[in-house]
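K.L.:
Here's a sequence, model it:
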Amino acid sequence: MKRAFANLAATVTLAIAATFTLTGATKPAATKAASPAGAPVIGTVTPEGHHLLGSPKAPLRLVQFVSYTCPHCAQFEVESETQLKLGLVTTNKGAVEVRNFVRDPIDVTVALITNCVPANRFFQLHTAFMRAQPQWIGPLATSTPAQRQRWTTGPFAS
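P.N.:
Next up is the predicted model:
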């Protein structure tokens, strides 16, 4: 268990470090491409606590429920990110709202990590985790049933 937890912690730490290294520590999460209305495209937090990319006043809002451990969610992120940002967000035709869909303890962990950065950096870290999912989730597939059971039981289980 200690080894599996250490591997998970190391993988998550490397993913975070790679994100900050590849993107620069002071670079904002979303591109600051000007929209036709002149407003920059930035990440914000809704009154409900969800993350929004684009203008809160955009006529269309795509609400994306995301599980960080879901391979289909990761595939959607990879295949649609460019089209959504270029087709909806930068043109001010729409905004993308991300809501966490928690399925397991790993989802909770990654959701907490992505929500610990400032709002304008959320989408940068969110995208990094989704794109690198096969690398960081791979070691979890080799965990034993006893290890997985310990993730959901005991004094720290929800």
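K.L.:
ok, and the closest non-adjacent residue to the spatially most central residue of the chain?
P.N.:
Centroid check for the chain by Cα atoms, centre = their mean gives H126 as the closest residue, at 2.2 Å. Nearest non-adjacent residue to H126, counting by Cβ to Cβ, 6 or more residues apart in numbering: T114, 5.2 Å away. (C-beta placed from N, C-alpha, C; glycine too.)
K.L.:
quick one: which helix or strand includes the closest residue in space to P105 that isn't next to it in sequence?
P.N.:
Among residues not flanking P105 along the chain, W151 sits closest, at 4.3 Å (Cβ to Cβ, 6+ apart). Counting by DSSP states H and E, the element that carries W151 is helix 145-152.
K.L.:
So which bits of that helix are buried?
P.N.:
Within helix 145-152, the residues scored as buried using 16 or more other Cβ atoms under 10 Å are Q147, R150, W151.
K.L.:
quick one: secondary structure of the residue nearest to the centre of the chain?
P.N.:
Per DSSP: H, G, I helix; E, B strand; the rest coil, the local secondary structure of H126 is helix.
K.L.:
Help me confirm that it comes into contact with C116.
P.N.:
No. Here H126 lies out of contact with C116, judged by Cβ atoms under 8 Å, at a distance of 11.9 Å.
K.L.:
Any stretches of this protein with poor pLDDT?
P.N.:
Scanning the chain with the threshold set as pLDDT under 70 gives 1-41, 154-158.
K.L.:
what about the strands in it?
P.N.:
Using DSSP state E, the strands of the chain run over residues 43-45, 51-53, 60-66, 94-100.
K.L.:
which one of those is the most hemmed in?
P.N.:
strand 51-53 (a mean of 24; mean count of other Cβ atoms under 10 Å).
K.L.:
how far away is G138 from T69?
P.N.:
Distance of G138 to T69, computed by Cβ to Cβ, to the nearest Å: 12 Å.
K.L.:
neighbour count winner among those two?
P.N.:
Taking other Cβ atoms under 10 Å, G138 and T69 do not tie; T69 has more neighbours (19 against 11).
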